[in-house]
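Peer 1: sequence unknown, structure follows:
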Ligand code: URA
């Protein structure tokens, strides 16, 4: 048996009624996306970008940083069984992009979701398109929510948090969501969640649980920095709470990891995490894993083995739920 690795790019541009996706017509009439072998020294994303340039004449390096669709096929070639893993990335291109196909294809077509349903596609490409449809709808919903959330300081006359919105980060179709308390000074400066010392520790803890940071969605109860790192007030938490609930509603994860007292009390029925850490609560079809906030272990060293043990325990649940 031989293993092969391929990568492809699903390119889309804006159409009058929604996105249009680029398909290349094969000799047998089936439509395919630009894709091919991953060469030595390349990663999957680089291969997808190169193949798109070679097969469609489009240099599109601006791929969605969080979208990736992996699938496997197998076939016999000269009596040998070949197992192939294919990784597909997603990229939006300019509306007036010029396509220049190579000798490998007979033509090309831009199709919306509806037309693609009727087109000659392989089952895997149909499933890919379905997954992309869900992803792009969620992304649009999240972008709308973020626009509204970001404008919050301008709607409150006595705003006491930072004016900089630290938006959630990760795939909007993630199976795992991580919820912290509120951004710190580093996050406020960079505009990204968990990039300070707690963030470095969080990356390590996610690894202990067998999770990759770029595959989980990271957010916080309050997404504006409370000056001097104070606890957000009850009214600030109240104002932000519905945005957190809506984020989880858009993503529909299987697992939510609550970091610290605030996120556990906002999402669940409270309790102190020093008592409940390491436990799992099932609510509305989602599993909630309760643990300490990484900042508690950064500040107080004796908390480090406690939080590390929690994330080792979490690894078992991550495996059971197939959410890695
Ligand atoms: N701590 C949090 O709770 N959230 C962040 O985004 C960063 C640190």
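Peer 2: Looks like it came in fine. Source: prediction; values computed, not measured. Residues are numbered from 1 along each chain as shown.
Peer 1: rest of the way, CA atoms for contacts and neighbours
Peer 2: OK.
Peer 1: isn't residue 63 right up against residue 90?
Peer 2: Yes - counting by CA atoms under 8 Å, residue 63 touches residue 90, with 5.7 Å between them.
Peer 1: which ones are touching the closest residue in space to residue 292 that isn't next to it in sequence?
Peer 2: Leaving aside its sequence neighbours, residue 292 sits nearest to residue 260 (CA to CA, 6 or more residues apart in numbering; 4.4 Å). By CA atoms under 8 Å, 6 or more residues apart in numbering, the contact set of residue 260 is 180, 181, 273, 290, 291, 292, 293, 294.
Peer 1: Which one of those residues sits in the busiest neighbourhood?
Peer 2: When neighbours are counted by other CA atoms under 10 Å, residue 291 leads the contacts of residue 260 with 29 neighbours.
Peer 1: any idea how far that residue is from the ligand?
Peer 2: Going from residue 291 to the ligand by CA to the nearest ligand atom, to the nearest Å gives 12 Å.
Peer 1: so what's that residue closest to, chain neighbours aside?
Peer 2: Once flanking residues are discounted, residue 291 sits nearest to residue 277: 4.4 Å by CA to CA, 6+ apart.
Peer 1: got the phi/psi numbers for the one you found?
Peer 2: Main-chain dihedrals, residue 277, degrees, to the nearest 10: phi -60, psi 150.
Peer 1: report the longest helix in this structure, please.
Peer 2: As assigned by DSSP state H, the longest helix anywhere in the chain is helix 123-150.
Peer 1: Against which helices or strands is that helix packed?
Peer 2: If contacts are counted by 3 or more CA pairs under 8 Å, 6 or more residues apart in numbering; DSSP states H and E, helix 123-150 sits against helix 113-118, helix 234-251.
Peer 1: which one of residue 63 and residue 90 has more residues nearby?
Peer 2: Ranked by neighbour count (other CA under 10 Å), residue 63 and residue 90 place residue 90 first, with 22 against 19.
Peer 1: Which residues does the more buried one form beta bridges with?
Peer 2: Beta-bridge pairing of residue 90 under DSSP bridges involves residue 10.
Peer 1: Which ones among the contacts of residue 260 map onto strands?
Peer 2: 180, 290, 291 (DSSP state E).
Peer 1: can the helix or strand hosting residue 265 be found next to the ligand?
Peer 2: Secondary-structure element containing residue 265, defined by DSSP states H and E: helix 260-267. No - with CA under 6 Å from any ligand atom as the criterion, the ligand is not reached by helix 260-267; the gap is at least 8.1 Å.
Peer 1: What residue spans form the domains of this protein?
Peer 2: Here the domain assignment for the chain is 2-137, 151-321, based on automatic domain parsing.
Peer 1: Could you pull out the strands in the protein for me?
Peer 2: Counting by DSSP E, the strands of the chain are 2-15, 18-25, 31-32, 35-37, 69-77, 80-92, 107-111, 176-180, 217-220, 255-259, 280-283, 286-291.
Peer 1: For residue 121, find the nearest of those strands.
Peer 2: Closest approach to residue 121 among these is made by strand 31-32 (5.4 Å; CA to CA).
Peer 1: That closest one - contacts with which helices or strands?
Peer 2: Here strand 31-32 touches strand 18-25, going by 3+ CA pairs under 8 Å, 6+ apart.
Peer 1: relative orientation of the strand it packs on and strand 2-15 in degrees?
Peer 2: 140 degrees (axes from the mean of the first three to the mean of the last three CA atoms, to 10 degrees).
Peer 1: Partner strands of strand 18-25 and their direction?
Peer 2: strand 2-15 (antiparallel), strand 31-32 (antiparallel), strand 107-111 (antiparallel).
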